[in-house]
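Peer 1: fold the stuff below for me.
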Amino acid sequence: MDLAAGSREVRVLLEHTTKEGAPRLLKECRYPLTAPQCVSRIYTNLAVIDVTPDGLVVREMVEGMDLAGLQKLTEPKLQPRQ
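Peer 2: Sure, this is the predicted structure:
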């Protein structure tokens, strides 16, 4: 919590899905939050995603991945980079 509160930006690194293939990026956190709404960018093994006031914006994807395929592995709606 202290790191998130004192930072200008918080970036998160994680696997895009669980070992079972379930999404790790969820519409709502299922654990208690100590620093809500502090993440600005998410790096996964499949994509780089910006967290914006308008939602999740995909900046980059691994070769061979398209937005539709990434969306199937992600619970919240993804938006293409404009």
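Peer 1: can we go C-alpha only for contacts and neighbour counts from here?
Peer 2: Fine.
Peer 1: how about low-confidence regions in the protein?
Peer 2: Within the chain, the segments meeting pLDDT under 70 span 1-3.
Peer 1: so the residue nearest the centre of it, which of the three states?
Peer 2: Nearest residue to the geometric centre of the chain (CA atoms, centre = their mean): Ile42, 4.3 Å. Three-state call for Ile42 (DSSP: H, G, I helix; E, B strand; the rest coil): strand.
Peer 1: for it, give the beta-bridge partners.
Peer 2: Assessed by DSSP bridges, Ile42 has beta-bridge partners Val12, Ile49.
Peer 1: do I have it right that it meets Val57?
Peer 2: No: between Ile42 and Val57 there is no contact under CA atoms under 8 Å: 10.0 Å.
Peer 1: what touches both of these two?
Peer 2: 49-51 (CA atoms under 8 Å, 6 or more residues apart in numbering).
Peer 1: redo these as a markdown table? Include distance to Arg81 and neighbour count.
Peer 2: Formatted as a markdown table, the shared contacts of Ile42 and Val57 follow (distance: CA to CA, whole Å; neighbours: other CA atoms under 10 Å):
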| residue | distance to Arg81 | neighbour count |
| --- | --- | --- |
| Ile49 | 9 | 24 |
| Asp50 | 9 | 21 |
| Val51 | 12 | 16 |
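Peer 1: where along this protein do the strands fall?
Peer 2: Applying DSSP state E to the chain gives strands spanning 10-13, 39-43, 47-52, 55-61, 78-80.
Peer 1: could I get these as JSON lines with distance to Arg24?
Peer 2: Listed next are those as JSON lines, based on distance: least, CA to CA, whole Å:
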{"stretch": "strand 10-13", "distance to Arg24": "11"}
{"stretch": "strand 39-43", "distance to Arg24": "11"}
{"stretch": "strand 47-52", "distance to Arg24": "13"}
{"stretch": "strand 55-61", "distance to Arg24": "14"}
{"stretch": "strand 78-80", "distance to Arg24": "14"}
